[in-house]
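A.B. asks: Here's a sequence, model it:
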Amino acid sequence: MQFILAFTRRVLYGICVSKKRPRSGEKIYSATLIDRWNPAYWRTRIRKSTYTYRGETRETSHWHVKFQVNGKRRTVTLSSLDLDAAAVEARNAYRQAVTGVSSAGTQPASEGEPDDATRMSAAHWRRRLLRRKYLELLRQGQATEWSVVIDHDAARRLFPLGTMNPDEAAMRAAERFQTVALQGWRQANLQYEQEFTIALFWNENPMVCTYTTLLTIPASLASELPDGGQVQCAVIEPDEGVRRALRRWLCCQPGMPLRVVPVEAGSLEAYLKKEQPALILANLSQSGESGVELVARLKELAPNTPAYTFGIFEDSDGIFASMSGISGGYMLRRRPPDRLLDPIFGAALKSFTPDRALRLVRRYFQHLLEAGEEPAEPSVEPSLTIREHEVMVYMAQGLQDKEIANKLDISTWTVHSHVRRIFQKFEVHGRTEAVVKFLEMEKIF
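C.D. replies: Numbers count the residues shown, from 1 in each chain. Have a look, this model is predicted:
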C-alpha cells in the first residue's frame, strides 16, 4: 500500500511539473530537437536558485539549467549573468550533451556533486560536521566544537564553528559557504577563523621539524592580540590571518619574549639594513626556492641571524606529502601552540647566533632519538631538568614565583620546590646568586 501511495505521488508530481504553464508573454515550443537548437527555447527554461540568508530570501547571481539526455538528468551552471547570453550557453550545453561536440562557456556540475544552491542550506552541512582533535589546545580547555571542510573554486579550507550544537553549527557552516560563494575566499579569510597546520623546519636533510595546529585570526580580533616582547622576530608570510596567529603564539613561547614583525619578501633586504632581528622565519611558498636555497639566501643577507623556513598545510598529512628528495631521513614532532620553538628554548636570553641555534637544535632532537621517548623532565643543561631550566629562564627575567607559576601553568608550591632544588644544585642561597650562576653557565654553553 505504501509503495502504491509513493508511486501515485510521483506520478501526480510528474504531471504537475510537466503541465507547468509558461510565464506570461512566453512562446510555447513543441520541444522538438530543432527548437532546442534555438537559444530562445532555453531562455524560458534557465533559472536562478533562491536561498535564505539571515531571514532574507536571496537569489544566486548565476543562472542554471536542467535537462535530461538519454535518461540522465543534468544540471549546468552558466557563467553569463545576462539572460540572453546565458540562454546561448544553455543551448550549447544541451548540444554538447546530445552530439558530444564541446561548446565553450559551460560548467556542468559533476555527477553526484551538489550545486551551489544546495550547499547554501544548513541541511546540506548538517551531515558534514566533524570533530577536530587539537582545537581544545587553542580554545584553552573549552569543550570540543564542530568544524566543517568547505571546497569551492579549487580551494579547500577547514572552518571551526564555535559551537557544540549541531543545528547551530550547520547554520554557521552554511553562512560560511554563502560568504565564500557570493563574496569570494578573500572575504571569508577576513571574516572567519580557519584551521591550519604550521611546520617549522629546523634542518633540511635530514629533515627535522616541529609542528602545531593553529587558527587564523580575523581582522575583527586583531586589536585583542598581545604586543609581544622586546626581541624582534621577522616573519615573511603573506596571509594576514596567519601572521596574526603567529603573533599571538610566538610571543607566548617559554623563555622567548618575541615580538613578530611582518616583512614583505621583496623588502627583506632593505629591512635587514635597518634592523637586526634575533630570528627570521620565512614561508617557503613565497620564494619558489627549496628550503636549502632559501636558508642560504637568508644567511647571505643576515649571516649573524638564525633563519628558518616554515610551511602552511591543511593538516599534518600535508607535511608528509610535501617531502621529496630527503635521503637523510626525517623527524617530525607535534608540539602545543606555545611550544613550537622548543628546540631553541631560552636562546633569546642573550646574543643568539646561528651556531648556538644549531647546537640547541641538534641537542634537542638528539636527546629525543637517544631517549626513544621523552621522560617527564629530561636534562637540557648539565645539571638542570627542562622544568628547572624554564623556571630559571623566568627567574633571570625578574619574575617572582607566583608569576612563574602563571607562565608555566603550575602551582606556586611546585615553583617553590623547583627553586629549592635549583639552589641545592647550584650550591647557592638566594635568587641573585642562582641567576648569576645560570647566566655564567649559559655563556659557557
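A.B. asks: Quick one: the helices in the stretch 101-250 of the chain, in order.
C.D. replies: For the stretch 101-250 of the chain, the helices defined by DSSP state H, counting those that start in this stretch cover 116-119, 122-126, 135-138, 166-183, 185-191, 240-250.
A.B. asks: In a markdown table, list those along with mean pLDDT, distance to Thr414 and mean neighbour count.
C.D. replies: The way it works is simple: take the backbone N, C-alpha and C, and place the C-beta from them, glycine included. Converted to a markdown table, the helices of the stretch 101-250 of the chain look like this (pLDDT from 0 to 100; distance: least, C-beta to C-beta, whole Å; neighbours: other C-beta atoms under 10 Å):
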| stretch | mean pLDDT | distance to Thr414 | mean neighbour count |
| --- | --- | --- | --- |
| helix 116-119 | 77 | 51 | 19 |
| helix 122-126 | 91 | 45 | 17 |
| helix 135-138 | 78 | 21 | 17 |
| helix 166-183 | 93 | 39 | 19 |
| helix 185-191 | 91 | 42 | 16 |
| helix 240-250 | 91 | 24 | 22 |
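A.B. asks: Quick check, central residue of the chain?
C.D. replies: Phe196 (2.3 Å; C-alpha atoms, centre = their mean).
A.B. asks: Now Phe438: closest residue in space, sequence neighbours ignored.
C.D. replies: Excluding its sequence neighbours, the residue lying closest to Phe438 (C-beta to C-beta, 6 or more residues apart in numbering) is Met392, at 4.8 Å.
A.B. asks: Using just helix, strand and coil, how would you label Leu81?
C.D. replies: In three-state terms, and counting by DSSP: H, G, I helix; E, B strand; the rest coil, Leu81 is coil.
A.B. asks: what helix or strand is Leu298 on?
C.D. replies: Using DSSP states H and E, Leu298 falls within helix 291-301.
A.B. asks: Just the C-alpha atoms of that helix, please, in PDB.
C.D. replies: Provided in PDB are the C-alpha atoms of helix 291-301 (Å, rounded to 0.1, in the frame of the first residue of the first chain):
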ATOM      1  CA  GLY A 291      64.400  25.200   1.800                       C
ATOM      2  CA  VAL A 292      68.200  24.900   1.400                       C
ATOM      3  CA  GLU A 293      68.300  27.700  -1.200                       C
ATOM      4  CA  LEU A 294      66.100  30.000   0.800                       C
ATOM      5  CA  VAL A 295      68.000  29.500   4.000                       C
ATOM      6  CA  ALA A 296      71.300  30.000   2.100                       C
ATOM      7  CA  ARG A 297      70.000  33.300   0.800                       C
ATOM      8  CA  LEU A 298      68.800  34.400   4.200                       C
ATOM      9  CA  LYS A 299      72.200  33.600   5.700                       C
ATOM     10  CA  GLU A 300      73.800  35.700   3.000                       C
ATOM     11  CA  LEU A 301      71.600  38.600   3.800                       C
END
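A.B. asks: where are the low-confidence patches of the stretch 1-150 of the chain?
C.D. replies: For the stretch 1-150 of the chain, the stretches with pLDDT under 70 are 1-35, 50-58, 60-61, 71, 79-80, 99-114, 140-143.
A.B. asks: 50 instead?
C.D. replies: 1-34, 102-112 (pLDDT under 50).
A.B. asks: what ranges do the strands span in the stretch 51-200 of the chain?
C.D. replies: For the stretch 51-200 of the chain, strands defined by DSSP state E, counting those that start in this stretch occupy the ranges 56-59, 64-69, 72-78, 106-108, 130-131, 146-152, 155-160, 195-203.
A.B. asks: In CSV, list the helices of the stretch 101-250 of the chain along with distance to Glu314.
C.D. replies: Formatted as CSV, these follow (distance: least, C-beta to C-beta, whole Å):
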stretch, distance to Glu314
helix 116-119, 19
helix 122-126, 18
helix 135-138, 15
helix 166-183, 16
helix 185-191, 14
helix 240-250, 13
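A.B. asks: picking up where we left off before, who wins for proximity to Phe352 among the strands of the stretch 51-200 of the chain?
C.D. replies: Among these, the nearest to Phe352 by C-beta to C-beta is strand 195-203 (14.3 Å).
A.B. asks: Residues touching that closest one, excluding its own?
C.D. replies: If you take C-beta atoms under 8 Å, 6 or more residues apart in numbering as the criterion, strand 195-203 is touched by 132, 135, 147, 158-160, 207-216, 242, 245-246, 281, 284, 291, 308-316, 318-319, 332, 340-341, 343, 361, 365.
A.B. asks: likewise stretch 179-191?
C.D. replies: Residues beyond stretch 179-191 that count as contacts (C-beta under 8 Å, 6+ apart) turn out to be 60-61, 116, 119-120, 150, 152-153, 155, 157, 176, 192, 216, 218-220, 239-241.
A.B. asks: can you check stretch 247-259 too?
C.D. replies: Identification of contacts with stretch 247-259 by C-beta under 8 Å, 6+ apart yields 212, 214, 217, 225-233, 235, 260, 278-279, 337-341, 344-349, 390, 393-394, 397, 407-408.
A.B. asks: one step back: in ChimeraX, select just the buried ones from the contacts of stretch 179-191.
C.D. replies: The command below creates a ChimeraX selection of those among the contacts of stretch 179-191 that count as buried (16 or more other C-beta atoms under 10 Å):
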select :60,116,119,120,150,157,176,192,216,218,239,240,241
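A.B. asks: Tell me the buried residues in stretch 209-228?
C.D. replies: Quick answer for stretch 209-228 (16+ other C-beta under 10 Å): Cys209, Thr210, Tyr211, Thr212, Thr213, Leu214, Leu215, Thr216, Ile217, Pro218, Gly228.
A.B. asks: can I get the CA coordinates of that stretch in CSV?
C.D. replies: What follows is stretch 209-228, C-alpha atoms only, in CSV (Å, rounded to 0.1, in the frame of the first residue of the first chain):
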residue,chain,number,x,y,z
CYS,A,209,60.7,19.9,12.3
THR,A,210,58.2,20.8,15.0
TYR,A,211,54.6,21.5,14.0
THR,A,212,51.4,22.5,15.6
THR,A,213,47.8,23.3,14.8
LEU,A,214,46.7,27.0,14.8
LEU,A,215,43.7,29.1,13.8
THR,A,216,43.9,32.2,11.6
ILE,A,217,42.8,35.3,13.4
PRO,A,218,40.3,37.6,11.6
ALA,A,219,40.8,41.3,11.3
SER,A,220,38.0,41.9,13.8
LEU,A,221,40.0,40.3,16.5
ALA,A,222,43.4,41.9,15.7
SER,A,223,43.0,44.5,18.5
GLU,A,224,43.0,41.8,21.1
LEU,A,225,46.4,40.5,20.2
PRO,A,226,49.3,40.9,22.7
ASP,A,227,52.2,43.3,21.7
GLY,A,228,54.9,40.7,22.4
